[in-house]
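Q: Requesting a structural model of the entry that follows:
(one chain, ligands or ions: 3)
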Amino acid sequence: MKPINVGLLGIGTVGGGTFTVLKRNEEEITRRAGRPIRITAVADKNLELARKVAGEGVKLTDDAFAVVADPEIDIVVELIGGYGIAKELVLKAIENGKHVVTANKALLAVHGNEIFAAAQKKGVMVAFEAAVAGGIPIIKALREGLSANRIQWLAGIINGTTNFILSEMRDKGLPFAEVLKEAQALGYAEADPTFDIEGIDAAHKVTIMSAIAFGVPMQFEAAHIEGITALDSVDIAYAEQLGYRIKLLGISRMRPEGIELRVHPTLIPAKRLIANVEGAMNAVVVHGDAVGATLYYGKGAGAEPTASAVIADLVDVTRLHTADPEHRVPHLAFQPEQVRDLKVLPIEEVHTSYYLRMRVDDKPGVLADITRILADSGISIEAMIQKEAPEGASQTDIIMLTHLTIEKNANAAITKIEALPVVQGKITRLRMESLQ
Ligand SMILES: NC(=O)c1ccc[n+]([C@@H]2O[C@H](COP(=O)([O-])OP(=O)(O)OC[C@H]3O[C@@H](n4cnc5c(N)ncnc54)[C@H](O)[C@@H]3O)[C@@H](O)[C@H]2O)c1
Ligand SMILES: N[C@@H](CCO)C(=O)O
Ligand code: NA
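A: Ligands and ions are numbered 1, 2, ... in the order given. Model (predicted):
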């Protein structure tokens, strides 16, 4: 059977892993795909690296546009990253009638609408399993496995770097900067690690999942994004005492009036399976009306786990290469004309519950004043701890967990509580999700 020819753009961590796994498992992969999948051209601006990894028998170049223009190439695999040259290359590949496989979540979350429209018009596939949660087949699950369901919400630990940092801080009490350096050395972090720690990478990934779960366009620009840099280790410890873990979650929920799309540190009950996902591992919970809650777990980063997803896409594209475009799975799970223009809700409209930590004067009646404000705002309290004031101290910490409310309601109550003379400084507020 005639091989399918692949042009690889970027042979760094993921590109190198893809080359290695494809070679090692060639026989198994061919048995699945029905024909051999061969990387026949590699472009990397670091030619020395390309030579070292790909060796003889492959066309090597430092000009990625030459691969995209090569008439012998059937599928272009984009593993360069970023929104700059990667966007030009992907659009050019599509224009030249080539299928595209990419791990580039930033590119798809920001420019996906344009890229998928171009691919649809040209009748080519753009596959992106590696872009979300690395090796976990979450795109496949959302797009195909759960297609009977009205998906109601999804929530995931989808950034390995930040989960690694939170785990190490909690278990070993190590400082943030030190753990970040370790995550970078292990190859988990983005080229610019602020994308990880400020929640941007997780927002890219939840944007993509939200689009294919709910049949809406990519709306990255409307996502609410908070990272872990403002998180205080005292809150990690208090959350623990209350039976919760703090994780950086990407959350998207379908509501009749719009979509919630947000990334922020979140308290989740310690007894949930996902609360126990540690280190650089990823996990996503997807809730469908028929199936209920489903959980997907595995390695979200690293050379071979990510290559596993890239190659699964290569197998899919190879199988469907000759199929009529109408018989292929739609790029974004829903038929293109069925994508709905449902907007992302502002963060003030989200439904969630809260962890509140405040420093108060250690006087009688303080608690009554605070609980009255919450009650007047219709916010009920689920749990509370009041720390014993240390010997001779005149102030103490109160930590409260609330029931579900609307964010703007919580904001108004917090402003009123902060205005009480007995409350010192700002209240620390974290969102909580029950994930049931
Ligand atoms: N590393 C991971 O664990 C992981 C996981 C999932 C997704 N991704 C995504 O995969 C993509 C690649 O990530 P990576 O970690 O392999 O990056 P990397 O930096 O290890 O590799 C990128 C490669 O592209 C080459 N390159 C850069 N500019 C180029 C150009 N103009 N022309 C040709 N080559 C060029 C570089 O020399 C390098 O070898 C990114 O989009 C990233 O977000 C990475
Ligand atoms: N920087 C990303 C890589 C995988 O997308 C992470 O830490 O999850
Ligand atoms: Na994946």
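
Q: mind checking the SS state of the residue nearest to D232 when sequence neighbours are not counted?
A: Leaving out its chain neighbours, the residue that sits closest to D232 by CB to CB, 6 or more residues apart in numbering is T428, at 6.8 Å. Just so you know, the C-beta spots here come from the backbone N, C-alpha and C atoms, and that holds for glycine as well. Secondary structure for T428, judged by DSSP: H, G, I helix; E, B strand; the rest coil, is strand.

Q: so T428 touches R357, yeah?
A: Yes: here T428 reaches R357: they are 4.2 Å apart, a contact under CB atoms under 8 Å.

Q: Pull up the overlap in contacts between these two.
A: Overlap between the contact sets of T428 and R357, as judged by CB atoms under 8 Å, 6 or more residues apart in numbering, is given by D235.

Q: Pull the number of nearby residues for Q424.
A: Q424 is flanked by 14 other residues according to other CB atoms under 10 Å.

Q: cool, I139 as well?
A: There are 22 residues near I139, going by other CB under 10 Å.

Q: if I've got this straight, it is in a strand?
A: No: under three-state DSSP, I139 falls outside any strand and is assigned helix.

Q: Before we move on, what's the pLDDT of the residue of the chain found nearest ligand 1?
A: Residue nearest to ligand 1 within the chain: G12 (1.9 Å; CB to the nearest ligand atom). Reported pLDDT at G12 in the predicted model: 96.

Q: Verify the stated contact: it with A43.
A: No: contact status for G12 versus A43: not in contact, 11.9 Å apart, counting by CB under 8 Å.

Q: more crowded one of those two?
A: A43 (26 against 18).

Q: what are the phi and psi values for that one?
A: phi -120, psi 130 (degrees, to the nearest 10).

Q: what does the one 3 residues further on give?
A: Dihedral angles phi and psi of N46 (degrees, to the nearest 10) take the values phi -100, psi 90.

Q: what sits against it?
A: D62.

Q: one more time with 10 Å, if that's ok
A: 10-12, 52-53, 62 (CB atoms under 10 Å, 6 or more residues apart in numbering).

Q: sorry, back to before: the residue of the chain closest to ligand 1 - nearest residue in space that isn't next to it in sequence?
A: L79 (6.8 Å).

Q: Surely the one you found touches D44?
A: Yes: taking CB atoms under 10 Å as the definition, L79 is a contact partner of D44 at 9.3 Å.

Q: Do you know the pLDDT at the residue in the stretch 251-400 of the chain positioned nearest to ligand 2?
A: Per CB to the nearest ligand atom, A301 is where the stretch 251-400 of the chain lies closest to ligand 2, at 3.6 Å. As predicted, A301 sits at a pLDDT of 89.

Q: how about it, secondary structure?
A: coil.

Q: Please tell me how far it sits from A183.
A: 9 Å (CB to CB, to the nearest Å).

Q: quick one: which of those two has more around it?
A: It is A301, of A301 and A183, that has more neighbours when counted by other CB under 10 Å, with 27 against 23.

Q: The more buried one and Q184 touch, don't they?
A: No: A301 lies out of contact with Q184 (CB under 10 Å); the separation is 11.7 Å.

Q: where are the low-confidence patches of the chain?
A: For the chain, no stretch has pLDDT under 70.

Q: residues from it in reach of ligand 2?
A: 134, 159-161, 188-190, 196, 201, 300-301 (CB under 6 Å from any ligand atom).

Q: so which helix or strand takes in the residue lying farthest from the centre of the chain?
A: Most distant residue from the mean C-alpha position of the chain: G392, 46.8 Å away (CA atoms, centre = their mean). Under the criterion DSSP states H and E, no helix or strand holds G392.

Q: what about A230, which SS state?
A: A230 is classified as coil under three-state DSSP.

Q: That one against P265, yeah?
A: Yes: applying CB under 10 Å as the test, A230 and P265 come out as touching, 8.3 Å apart.
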